[in-house]
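Enquirer: Pasted the sequence and its predicted model underneath.
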Amino acid sequence: MRLRIALLSLLLLAGCGGLGNTAPTPTPEVPEAPDILQVVADARVLPTRSVELHFLSGGIVAEILAAEGDAVAAGAPLARLDARELELARDEAQAALAEAQAAYDQLNAGVGPEVIAVQQAALAQAQARSREVVGSVVPQDLAAARAALEQARAPLARLEAGPRRTDIAAAEASVLQAQALLQSRRDALAATKSNAAERLTQAANGLRDAQAFYSRTYWDNRERERLLRGKELDRISIDAEESALRAVRNAEAALEQARVELELARQAELSDTAAAEAQLREAVAQRDRVLAGAERDELVAARATVAAAEANVAHLSGDARAGQVEAAEAGVAQAAADLERVRAAPRGVDLAAAEARIRRSEIILAQAELALERATLRAPFAGTVVVVDLEAGALAPTNRPAIVMADFATWRLETSDLTELDIALVRVGAPVAISFDAVPDLTLPGTVTRIKALGQSYQGDVIYTVVITPSAWDARLRWNMTATVAIDV
């Protein structure tokens, strides 16, 4: 920072008095001029908008759609990775979602009218048979009838007893396993994100250390140059400064890589946790189906089968007419139970399980579409491509910008050396005179448009950044040119 106070001083002219009776010459009165106070600082020429674009995941560069110097529209594709595997994953996820939706629709729609018609016909036939029952029985079939009765009683006993302990235990175990998996994924993803955040902090600290070392080396060399009075620095000093600068660039790349890793960890935490939660919901729905046990129509059908078998035994035991009547009535009951079963609405637990499968498929499809979308870099605004650091057929970098672009329609300047003592004098809206090292004969007017609130420590001082908007521009000026700004205070 350089603080310059330009004072227009008053030059007083005093006459020399002679000897004797000669009178002194009177001094003319001149009004005082007001003080003009300016804060002078170094600044850098910057476009109003610029951006560094990165690929969030590695891959082979398939297409480079923009070259350095190209003007592109907002949303225009700039580069693409080879996305064939990602497209296959998306297609597979779409098919899985369609399959899950079709299964849900089929379950929700129930049976078709043709199935109901068949069961209605069976009921009518059983009712007709019941009315027509007459005749006799065949005693030699008694043993077979009794065996059939025992066979019919076994499934009825299982249905009336409710779900088996082994089935309940297996369903509960699936729920516990899904809960444990969810917690395990949450813990692992949280640890991964925490480690990424720690690496980001370490990278930021490393960058600050490298910048501080470079600053010391740079200013030490400037002091040596001053003492040498035009003589060249020794090679050791030059190499030390270049090495320190490379260390800053490496630290900046490490910081950007740490930022990318943290963002990937955050995305993984969201997607993997959602998938584990969907798996848990599906396990809970399956357990509920097991605990629900047999439905009323299943019990009615099983009891009707037992009644039919009992009636057949009675018929074959000698009471022919009564047995035939009972068997016919049992057939009617069986047919009625079958008709009620096909007409019944789907169970809530079955629908819940089908909905959980749909949700899980939707999440997997969203993950696949997001990965495919990230395989293309697009321009976030209309502007000019400045840097393209890509090679077709090579791996895309993840630790440095792949493409840098800017909007050169408007420009700004930012100061780099205003201390806390200077910034107290600067106000938003203050007029500024801007001069440039590269174009010595050019001076542009400007205005202070923003004072950044947070100061940064630099060589024992706290420095602040002031943003200046020029009210005129010159085509000879370029990004990162140095300038001197004189701010009226």
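Expert: Happy to help now that I have it.
Enquirer: contacting residues around residue 385?
Expert: 66, 67, 68, 69, 70, 71, 72, 78, 403, 404, 405 (C-beta atoms under 8 Å, 6 or more residues apart in numbering). Just so you know, the C-beta spots here come from the backbone N, C-alpha and C atoms, and that holds for glycine as well.
Enquirer: ok, what's across the strand from it?
Expert: Here residue 385 shows beta-bridge partners residue 405, assigned using DSSP bridges.
Enquirer: Could you tell me the phi and psi values at residue 82?
Expert: Backbone geometry at residue 82, expressed as degrees, to the nearest 10, gives phi -70, psi 110.
Enquirer: Also residue 69?
Expert: Backbone torsions for residue 69, taken as degrees, to the nearest 10, come to phi 100, psi -10.
Enquirer: Please tell me how far it sits from residue 198.
Expert: Applying C-beta to C-beta, to the nearest Å, the value for residue 69 to residue 198 is 40 Å.
Enquirer: Between the two, which is the more surrounded one?
Expert: residue 198 (12 against 9; other C-beta atoms under 10 Å).
Enquirer: Just say helix, strand or coil for the more buried one.
Expert: Of the three states, residue 198 takes helix under DSSP: H, G, I helix; E, B strand; the rest coil.
Enquirer: still on that earlier bit, what is the nearest of the contacts of residue 385 to residue 311?
Expert: residue 78 (81.3 Å; C-beta to C-beta).
Enquirer: mind checking the SS state of the closest one?
Expert: Applying three-state DSSP: residue 78 is strand.
Enquirer: Show the contacting residues for residue 282.
Expert: Residue 282 sits next to 178, 353, 356, 357, 360 when contact means C-beta under 8 Å, 6+ apart.
Enquirer: What is the burial count for the residue nearest to the last one when sequence neighbours are not counted?
Expert: Taking C-beta to C-beta, 6 or more residues apart in numbering, and ignoring the residues beside it in sequence, residue 360 has residue 278 as its nearest neighbour in space, at 3.8 Å. Residues contacting residue 278 under the criterion other C-beta under 10 Å number 21.
Enquirer: Any idea how far the one helix or strand residue 278 maps to is from the middle of the chain?
Expert: Using DSSP states H and E, residue 278 falls within helix 235-292. Chain-centre distance of helix 235-292: 11 Å, with C-alpha atoms, centre = their mean, to the nearest Å.
Enquirer: ok, now stretch 277-293?
Expert: Stretch 277-293 has its C-alpha centroid displaced from the chain centroid by 30 Å (C-alpha atoms, centre = their mean).
Enquirer: same thing with stretch 234-254?
Expert: On C-alpha atoms, centre = their mean, the centre of stretch 234-254 falls 36 Å from that of its chain.
Enquirer: Same check on stretch 122-135?
Expert: The answer for stretch 122-135 is 68 Å, by C-alpha atoms, centre = their mean.
Enquirer: Now do the same for it: mean pLDDT, whole number.
Expert: Averaged over stretch 122-135, pLDDT sits at 77.
Enquirer: Same check on stretch 162-170?
Expert: Here the average pLDDT along stretch 162-170 is 85.
Enquirer: The stretch 351-489 of the chain: strands as residue ranges?
Expert: For the stretch 351-489 of the chain, the strands defined by DSSP state E, counting those that start in this stretch cover 376-378, 383-388, 403-415, 418-419, 431-436, 443-451, 456-458, 461-464, 466-470, 482-488.
Enquirer: mind checking which of those is nearest residue 231?
Expert: If we rank those by C-beta to C-beta, the stretch that ends up nearest is strand 482-488, at 24.3 Å.
Enquirer: Many thanks, we can stop here.
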